[in-house]
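*Asks:* 3D, please:
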Amino acid sequence: MNIYHTEPRFDCEKFAPCGRISLHKCRKYKGRLDECRGCTLVHRKAKTIAGTEAGRKVCPHCGRSLPLHRFYNRTVRCGDKEYRCLTSWCKMCMSEVAAERNKMEDDSRNINN
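*Replies:* Okay, here's the model as predicted:
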């Protein structure tokens, strides 16, 4: 049943920055509601990254555009399905973080012994 609600639900806890409507409604109907037309309070991130070529990916940690072989393969399981994808961070960033973590673990072991 599709009913257009003019007031937010009584249990709504997250409101848009204007405080008049729920955040969900603001994001979903932002350009179509008369009361929200021209509102610049809620912005979404761009879904595409300009300047990336096919066969390349941008590491969100270091910000570099790298070839796909610079990212680890990853398998995600959800129920009976299996999805193969790439890690979001590149191999170099993941290695740096792992090295720092291992160094801290070694230091804490040496202190305890």
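*Asks:* could you pull out the strands for this protein?
*Replies:* Taking DSSP state E, the strands of the chain run over residues 56-58, 65-67, 73-78, 81-86.
*Asks:* point out where this protein drops to low pLDDT.
*Replies:* 1-17, 19-20, 30-31, 37-38, 40-52, 112-113 (pLDDT under 70).
*Asks:* quick one, longest helix in it?
*Replies:* Scanning the chain for the helix with the most residues, using DSSP state H, yields helix 91-112.
*Asks:* how about it, which residues are buried there?
*Replies:* Using 16 or more other C-beta atoms under 10 Å as the test for burial, helix 91-112 gives 93-94. Where you see a C-beta, it was placed from the backbone N, CA and C, and this is true even at glycine.
*Asks:* offset the numbering so it begins at 842, please.
*Replies:* Got it, the first residue is 842 from now on, which makes the last one we talked about helix 932-953.
*Asks:* outside of it, which residues touch it?
*Replies:* With contact meaning C-beta atoms under 8 Å, 6 or more residues apart in numbering, helix 932-953 is reached by 900, 902-903, 911-913, 928, 930.
*Asks:* same thing but 10 Å
*Replies:* Contacts with helix 932-953, where a contact means C-beta atoms under 10 Å, 6 or more residues apart in numbering, come from 900-903, 905, 907, 910-913, 928-931.
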